[in-house]
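>>> Structural data only, the sequence is not supplied:
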Ligand SMILES: *Cc1c(COP(=O)(O)O)cnc(C)c1O
């Protein structure tokens, strides 16, 4: 049965992913079940998306109720659920306004357009460059690929979008060198995700904040992966005690429903005015209902403190494994260098043993659901130990 599905799938879906030969059929909390009945403990949350695990009860109810009420209207009208979700998102993150798209790349496209127009409105043409970081990842559209500071992504699809420069992470001198009069924004991930789960230094972030203030440049944080509790804070910016002008969110925001959000502070929340940006599906009521269910849970009293404790527990367990050379990241966003083992091989071996993990460059990457239990952590660790032994 599985093989038949895979054959049919591969015959008519473009081969843009290296997929494992498993057909996922159902999920419950932190457990996925494949078509052949095999069960898997989820240490990947899909890919950082299913923040409440599979089919969380409150989330399912919110999404289903909304699907029964109204599934979509054009953005020429209002919906209550988008108003409620936007209010909750702004209140909890401390931002003034939000634009909704459908993905991380779209959230970043919005931030890029916002930064360029912010500068155009104030200073006119020519101030359009966005500095991003070497080893960053910002998405797969042409503009966000252009923003992505990894040469491997700058291939085939020429010409790329002009106006991006790449500065080395945690290297203030290199950043200063790139910072000329054409720059309108600096965009960073606080913890580079796809680049290998590498956090920025506090001094580097502080310097960005200072430079942005001095030169009236917008500070954009791509929190598509780090946001909404992933690092054991609602936003990773809280670890650094800073507030970027613009933050982008997506992956875990609506618990597995497709959504992207670009939130902006008072200085720039009205830059994108009527007809300057849009998205047919952006702010879809069902996605917003899923997002509201996620925020209601993640922002509830005590949730983040508990999450933080579980993350500490997981870090301690991981660092005790002999084959683990180094653990990096923050909270439940974890990268691991392995001694003498390839992360890709370990990922495959974990799958065979019933544990879903991810990789990022040469590292093994874990993004467990924010709702994971101690018992599930222990089970996952046992499998990981076995595979690494
Ligand atoms: C995943 C990711 C994106 C792209 O998100 P999509 O939803 O795939 O478009 C952008 N930035 C970061 C930091 C990501 O991790």
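Done, it's in. Owing to the predicted nature of the structure, the values given are computational and were not obtained by experimental measurement. Numbers count the residues shown, from 1 in each chain.

>>> Need the pLDDT of the residue of the stretch 1-150 of the chain found nearest the ligand.
Using CB to the nearest ligand atom, the single residue of the stretch 1-150 of the chain nearest to the ligand is residue 104, 2.2 Å away. (Glycine included, C-beta is placed from N, CA and C.) Confidence at residue 104, expressed as pLDDT, is 98.

>>> Tell me how far it lies from residue 251.
6 Å (CB to CB, to the nearest Å).

>>> Identify each buried residue in the longest helix along the chain, please.
Using DSSP state H to define each element, the chain has its longest helix at helix 104-123. Within helix 104-123, the residues scored as buried using 16 or more other CB atoms under 10 Å are 104-119.

>>> Please apply the same query to stretch 208-222.
Within stretch 208-222, judged by 16+ other CB under 10 Å, the buried ones are 208, 209, 211, 212, 217, 218, 219, 220, 221, 222.

>>> Just the ones of the residues you listed in strands?
218, 219, 220, 221, 222 (DSSP state E).

>>> gap between the spatially closest residue to residue 268 that is not a sequence neighbour and residue 27?
Leaving aside its sequence neighbours, residue 268 sits nearest to residue 118 (CB to CB, 6 or more residues apart in numbering; 5.0 Å). Going from residue 118 to residue 27 by CB to CB gives 41 Å.

>>> Residue 8 now?
22 Å.

>>> Comparing the two, which residue is more hemmed in?
Between residue 8 and residue 27, counted using other CB atoms under 10 Å, residue 27 has the larger neighbour count: 18 against 10.

>>> still on that earlier bit, following the chain past the longest helix of the chain, name the next helix or strand.
Once helix 104-123 ends, the next helix or strand along the chain (criterion: DSSP states H and E) is strand 129-133.

>>> Return the residues of the stretch 251-389 of the chain in contact with the ligand.
Contact residues (CB under 6 Å from any ligand atom) of the stretch 251-389 of the chain with the ligand: residue 251.

>>> Quick check, the residue in the stretch 251-389 of the chain closest to the ligand?
residue 251 (5.7 Å).

>>> In which helix or strand does that residue reside?
Following DSSP H and E, there is no helix or strand that holds residue 251.

>>> Can you get me the start-to-end distance on stretch 219-228?
End-to-end distance for stretch 219-228: 19 Å, by CA to CA, to the nearest Å.

>>> Measure how far it is from the centre of its chain, please.
Distance, stretch centre to chain centre, for stretch 219-228: 7 Å (CA atoms, centre = their mean, to the nearest Å).

>>> That stretch and the ligand, any residue contact?
Yes: looking at stretch 219-228 against the ligand by CB under 6 Å from any ligand atom, the contacts come from 222, 224, 225.

>>> Check the gap between the last one and residue 154 for me.
Think residue 225. 21 Å.

>>> Can you give the domain ranges for this structure?
2-56+301-388, 70-298 (automatic domain parsing).

>>> Surely residue 354 touches residue 37?
No: assessed by CB atoms under 8 Å, residue 354 is found out of contact with residue 37, at 11.6 Å.

>>> Tell me which stretches of the stretch 251-389 of the chain form strands.
260-264, 324-330, 333-338, 355-356, 358-360, 363-366 (DSSP state E, counting those that start in this stretch).

>>> need those strands in a markdown table with mean neighbour count and mean pLDDT, can you?
A markdown table is the format used below for these (neighbours: other CB atoms under 10 Å; pLDDT from 0 to 100):
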| stretch | mean neighbour count | mean pLDDT |
| --- | --- | --- |
| strand 260-264 | 29 | 99 |
| strand 324-330 | 18 | 98 |
| strand 333-338 | 23 | 98 |
| strand 355-356 | 24 | 98 |
| strand 358-360 | 23 | 98 |
| strand 363-366 | 26 | 98 |
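
>>> how about low-confidence regions in the stretch 101-250 of the chain?
Judged by pLDDT under 70, the stretch 101-250 of the chain has no weakly predicted residues.

>>> so the residue nearest in space to the middle of the chain, which of the three states?
Nearest residue to the geometric centre of the chain (CA atoms, centre = their mean): residue 225, 1.8 Å. Assigned with DSSP: H, G, I helix; E, B strand; the rest coil, residue 225 falls in the coil class.

>>> Tell me how far the closest residue to it other than its chain neighbours lies from the ligand.
With CB to CB, 6+ apart as the criterion, residue 225 has its nearest non-adjacent residue at 3.9 Å, and that residue is residue 193. With distances taken as CB to the nearest ligand atom, to the nearest Å, residue 193 is found 4 Å from the ligand.

>>> quick one: contacts for residue 193?
Taking CB atoms under 8 Å, 6 or more residues apart in numbering as the contact definition, residue 193 lies against 48, 137, 224, 225, 226, 333, 360, 365.
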